[in-house]
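Asks: build me a model from this:
(one chain, ligands or ions: 4)
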Amino acid sequence: MPLESRNNFFYKILLPLLILTLAFFLSPSSSRLNLILSHLTPQTTTVKMSSSPYAKELLIAQLSIQRASILTKRVFQESSKGTISKSDASPVTIGDFGAQALIISALKHNFPSDQIVAEEEASTLRNDPLLSSKIWDLVKSTSLSSSPEAESLLGGQIPSESKMLDLIDSGNSSGGRTGRIWTIDPIDGTKGFLRGGQYAVCLALLEDGDVKVGAIACPNLPVDDSAPLTADIGDGEGRGVIFSAVKGQGATSRPLTTGDLAEGKQISMKPITEMSAASFCESVEAGHSNQSESARIAEKLGITRPSVRMDSQAKYGSIARGAGDIYLRLPTSKTYQEKIWDHAGGDLIVREAGGEVTDTKGNRLDFGVGRTLASNSGVIAAPKAVHAQVLDVVQEVLGLKN
Ligand SMILES: Nc1ncnc2c1ncn2[C@@H]1O[C@H](COP(=O)(O)OS(=O)(=O)O)[C@@H](OP(=O)(O)O)[C@H]1O
Ligand SMILES: [Mg+2]
Ligand SMILES: [Mg+2]
Ligand SMILES: [Mg+2]
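Replies: Numbering: from 1, shown residues only. Ligands and ions are numbered 1, 2, ... in the order given. Purely as a prediction, here's the structure:
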């Protein structure tokens, strides 16, 4: 070997190898492991888990709603969404069933003894093999392709179509005030989803009736927290956000990505300095919230802008990040009971962002009485500093003052 090549071999290959080997054996065992992992499996450094309380629950919640949102976005691109009408005449699609199967699968893998209260159930699918197999195809082929580590954290693939149906049905807990209960709305605002408007994939963890973790993916909301509150629709560039919160740890937003989870940013509600400039949001469906009463309330408060009507818990996320200010949901009937999966995540996210959430009687939402908010009536969410003022006007307009 010529002298120049021999020198090259020594300085460029042998010497660095010697130094690395020495450093390896002199380092403490934990950093030695990190060194091995960082070289052999760079993906393992991509899923970060803090040591704060509920860190694992939060991570699994975020990853599972991310994966479920990828499925719903795929369904939205398809011409046939397999929409059927439920017994209450509300729509459900293959996206709702598929997203619920994926989320429950991840929860069962990580927290096998927790209970689950989820919106959908599989009885219709058991009588409709064609629809069931459509959902199975979708579920099988949806994964976080660029992050195998996340996929394995979520428990990987569901083994069979019949297991998928069983998973969908295992969201049938009756809820209650004891123990750990996850609540899932696989697509909140299904009507919004179908029309290309706002919808949300929602998950929350209750412990003894108290919301500890909330995570909401809104595939069609702008990523930009400071984008104005509008009811515009679409799922193009710059859209898709995950809101999340852990009790006592604040609320965050992050872009909804297809690979690794993006970094989160702390969010907070906007202080209202002038009520006349406040913006409020409510349901699109007039049957879900009394819109003529909310218009009278807004007028009495001096709010001059028309309400922004958007579907789903995107309303909670939007006010939590200060894009909007107030969310009003006023009962349209004495008999309808709000469902816990329509509110649990949003309730925590708004409160952790500096807001207050009560019903029209001024009581906190009680998630410990079963699958519904049976002891509540309507929802008023607003920044803490003005909540009492808003509640006062709501009660005046609804005739709830004695
Ligand atoms: N009568 C009545 N009153 C109040 N709420 C009702 C009612 N009927 C249904 N629902 C629930 O409303 C959920 C969607 O409502 P949103 O306000 O989020 O969106 S919408 O603008 O009304 O579509 C919707 O959630 P999804 O079914 O997950 O879409 C329902 O759980
Ligand atoms: Mg529904
Ligand atoms: Mg819902
Ligand atoms: Mg739903």
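
Asks: residue 262: neighbour count?
Replies: Residue 262 has 17 neighbours, counted by other Cβ atoms under 10 Å. The C-beta positions use only the backbone N, C-alpha and C, and glycine is treated the same way.

Asks: now residue 161
Replies: 18.

Asks: any idea how far it lies from residue 239?
Replies: In this view, residue 161 and residue 239 are 32 Å apart by Cβ to Cβ, to the nearest Å.

Asks: and the strand ranked longest in the chain, what does it pack onto?
Replies: As assigned by DSSP state E, the longest strand anywhere in the chain is strand 210-222. Where contact means 3 or more Cβ pairs under 8 Å, 6 or more residues apart in numbering; DSSP states H and E, strand 210-222 is packed against helix 55-77, strand 200-207, strand 239-246, helix 314-320, helix 344-352.

Asks: now for the residue sitting nearest the centre point of the chain: which residues touch it?
Replies: What sits nearest the mean C-alpha location of the chain, by Cα atoms, centre = their mean, is residue 216, with 1.6 Å. Each residue near residue 216 by Cβ atoms under 8 Å, 6 or more residues apart in numbering is listed here: 65, 200-203, 242-244, 313-314, 316-317, 345-346, 349.

Asks: let's go with 10 Å and repeat that
Replies: Residues in contact with residue 216 (Cβ atoms under 10 Å, 6 or more residues apart in numbering) are 61, 65, 185, 188, 200-204, 241-245, 253, 312-314, 316-317, 320, 344-346, 348-349.

Asks: list the strands paired with the longest strand of the chain, with their directions.
Replies: strand 200-207 (antiparallel), strand 239-246 (antiparallel) (DSSP bridges).

Asks: tally of neighbours for the nearest residue to residue 278 once chain neighbours are set aside?
Replies: Using Cβ to Cβ, 6 or more residues apart in numbering and skipping the chain neighbours, the partner closest in space to residue 278 is residue 325 (4.3 Å). Residue 325 is flanked by 26 other residues according to other Cβ under 10 Å.

Asks: tell me how far residue 325 lies from ligand 2.
Replies: 27 Å (Cβ to the ion, to the nearest Å).

Asks: that residue against residue 380, yeah?
Replies: No - under the criterion of Cβ atoms under 10 Å, residue 325 makes no contact with residue 380, lying 11.9 Å away.

Asks: mutual contacts of those two, please.
Replies: Going by Cβ under 10 Å, 6+ apart, residues that sit against residue 325 and also against residue 380 are residue 390.

Asks: thinking residue 172 is in contact with residue 118, fair?
Replies: Yes - contact criterion Cβ under 10 Å: residue 172 and residue 118 qualify, at 7.7 Å.

Asks: more crowded one of those two?
Replies: Neighbours were counted for residue 172 and for residue 118 using other Cβ under 10 Å; residue 118 has more, 27 against 13.

Asks: go through stretch 210-223 and flag the buried ones.
Replies: Under the neighbour-count criterion of 16 or more other Cβ atoms under 10 Å, stretch 210-223 has 211-223 buried.

Asks: so who does residue 288 touch?
Replies: Residue 288 neighbours (Cβ under 10 Å, 6+ apart): 189, 191, 282, 311, 329, 330, 331, 332, 336, 338, 342.

Asks: of these, list those near ligand 1.
Replies: Restricting those to those near ligand 1 by Cβ under 6 Å from any ligand atom leaves 189, 191, 311, 332, 336, 342.

Asks: these two touch, right, the fifth one and residue 376?
Replies: No - counting by Cβ under 10 Å, residue 336 does not reach residue 376; the two are 11.4 Å apart.

Asks: with neighbour numbers in mind, choose between the two.
Replies: Neighbours were tallied for residue 336 and for residue 376 using other Cβ under 10 Å; the higher tally belongs to residue 376 (21 against 13).

Asks: show the pLDDT at that one.
Replies: pLDDT for residue 376: 98.

Asks: and for residue 93?
Replies: 97.

Asks: which residues touch the one residue in the stretch 1-150 of the chain that gets nearest to ligand 4?
Replies: Residue of the stretch 1-150 of the chain nearest ligand 4, by Cβ to the ion: residue 119 (4.6 Å). Going by Cβ under 10 Å, 6+ apart, residue 119 touches 86, 90, 92, 96, 100, 171, 183-188, 190, 202, 339-342, 371.

Asks: how about residue 175?
Replies: 115-117, 181, 183, 206, 209, 340-341, 367-372.

Asks: for these, which one is nearest residue 126?
Replies: Residue 126 has its nearest neighbour among the contacts of residue 175 in residue 116, at 18.7 Å by Cβ to Cβ.

Asks: what about residue 329, how many residues nearby?
Replies: Neighbours of residue 329 under the rule other Cβ under 10 Å: 23.
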